[in-house]
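**Student:** When you get a sec, could you give me coordinates for this:
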Amino acid sequence: MPLLYTIGKLTVAPALRLAFRPTVEGLEHVPETGGAIFAGNHLSVADELFLGTVVPRHLAFWAKSEYFTGTGAKGAFSKFVLTGLGAIPVERAGGRAALSAFDAAIPALRGGDLVVVYPEGTRSPDGKLYRGRTGAARLAVAAGVPIIPVGTIGTDKAQPIGARVPRPGTAKITVRFGKPLDFTGRPDDRTSLRQMTDEVMSEIQKLTGQEYVPRYAPKRADTDPAAEA
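**Tutor:** Got it, this is the predicted structure:
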C-alpha cells in the first residue's frame, strides 16, 4: 500500500468513520487478495472518500492527467499527492492518449490491485442512475478480473455538487457491495461489452434503488478525478 494512502487510512478514514458512522453491507464480497474492479454509482466526490474508508485494501482511483502535469508549487504538490496515493492518470482528450489509463490499469489489476471505475462517467446531476459506459467491462475482460458492483447512498446529501468537504450530520451514508461478476472468457466486441455493462448497471441499481435512466448522463465541465475516461 502506498505510503500516503497508508497515512490516509490511519488518519482520514477513522475521522470519517467517527463523524459519519457509515453503514457497510456486503464487505464479504471484497476479496482479501487478487485484482478486481469496483464499479459504482456516482453521486458525489465523497464516494471515493467513503469507499476508501470502508475497504481495507488499497484502491487505485483514476485521476485526470492534468493533476499530474500542473506547474508551480500547486502542480508539484498535486502530482506528489496523487502519485503517493497510487492514482492512475487519465487523459481526458480521448483517442490513443485516453487508452493510457487502461494500459496502466491492466498490469495493476493483474498484479493484484483494486481499481475503481464509475461507469456513468460523471456524477449524477439529479440522483438517478444513468446508462453505463463500457470501459469497466472492457478492462475486466482484458485483465481477467471480476467486477464488484458498489452502491453508495447518501453522499450527494453529505457533499452536494459544489460543496468543498463532506458535512457531518447531513445524511446517513451507506456503502453496499454486490457479488462479484465474472466475465472471464466473454468476447470484447461492442455488443458483448454493452451486455456486460448493462448487467453491471442492473446490479448497481439493485444495491441503490435509484431510478434508472437508459441514456448517458450529461457531461460536466468539471468531471471529477475517478470518473471513467
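**Student:** which residues does the nearest residue to Asp182 once chain neighbours are set aside contact?
**Tutor:** Spatially, and ignoring its direct neighbours in sequence, Asp182 is nearest to Pro146 (4.9 Å; C-beta to C-beta, 6 or more residues apart in numbering). For the C-beta atoms, the positions are set from N, CA and C on the backbone; glycine is no exception. For Pro146, the contact set (C-beta atoms under 8 Å, 6 or more residues apart in numbering) comprises Ala36, Ile37, Ala140, Pro180, Leu181, Asp182, Phe183.
**Student:** Let's see that with 6 Å instead.
**Tutor:** Contacts for Pro146 were tallied using C-beta atoms under 6 Å, 6 or more residues apart in numbering; they are Ala36, Pro180, Leu181, Asp182.
**Student:** Would you quantify the distance from the third one to Met201?
**Tutor:** Separation of Leu181 from Met201 (C-beta to C-beta, to the nearest Å): 11 Å.
**Student:** Likewise for Ala101?
**Tutor:** Distance from Ala101 to Met201, by C-beta to C-beta: 20 Å.
**Student:** ditto for Asn41
**Tutor:** Taking C-beta to C-beta, one finds Asn41 at 9 Å from Met201.
**Student:** quick one, which of those two is more surrounded?
**Tutor:** Asn41 (28 against 23; other C-beta atoms under 10 Å).
**Student:** Pop out the phi and psi values for the more buried one.
**Tutor:** For Asn41, the backbone dihedrals (degrees, to the nearest 10) come out as phi -70, psi 160.
**Student:** Check the one 3 residues further on too.
**Tutor:** Comment: the main-chain dihedrals of Ser44 come out as phi -160, psi 160, following degrees, to the nearest 10.
**Student:** Repeat that for the one 5 residues further on.
**Tutor:** Recorded main-chain torsions at Leu49 are phi -60, psi -50, according to degrees, to the nearest 10.
**Student:** Could you tell me how many residues sit around it?
**Tutor:** 20.
**Student:** looking at this protein, which helix or strand is least sure?
**Tutor:** helix 95-98 (a mean of 55; mean pLDDT, DSSP states H and E).
**Student:** Name the residue most distant from the centre of the chain?
**Tutor:** Gly72 (28.4 Å; C-alpha atoms, centre = their mean).
**Student:** which non-adjacent residue is nearest Gly111?
**Tutor:** Per C-beta to C-beta, 6+ apart, closest to Gly111 is Gly35, 6.9 Å.
**Student:** residues contacting the one you found?
**Tutor:** Counted by C-beta under 6 Å, 6+ apart, Gly35 has contacts Leu109, Gly112, Asp113, Val145.
**Student:** And the strands in the chain?
**Tutor:** 23-25, 36-40, 59-64, 88-90, 114-117, 129-130, 147-153, 174-177, 212-213 (DSSP state E).
**Student:** and the fifth one, what does it pack onto?
**Tutor:** Packed against strand 114-117, as judged by 3 or more C-beta pairs under 6 Å, 6 or more residues apart in numbering; DSSP states H and E, are the following elements: strand 36-40, strand 59-64.
**Student:** just how off-centre is that strand within its chain?
**Tutor:** Relative to its chain's centre, strand 114-117 lies at 5 Å (C-alpha atoms, centre = their mean, to the nearest Å).
**Student:** Buried ones in that strand, by neighbour count?
**Tutor:** Judged by neighbour count (16 or more other C-beta atoms under 10 Å), strand 114-117 contains these buried residues: Leu114, Val115, Val116, Val117.
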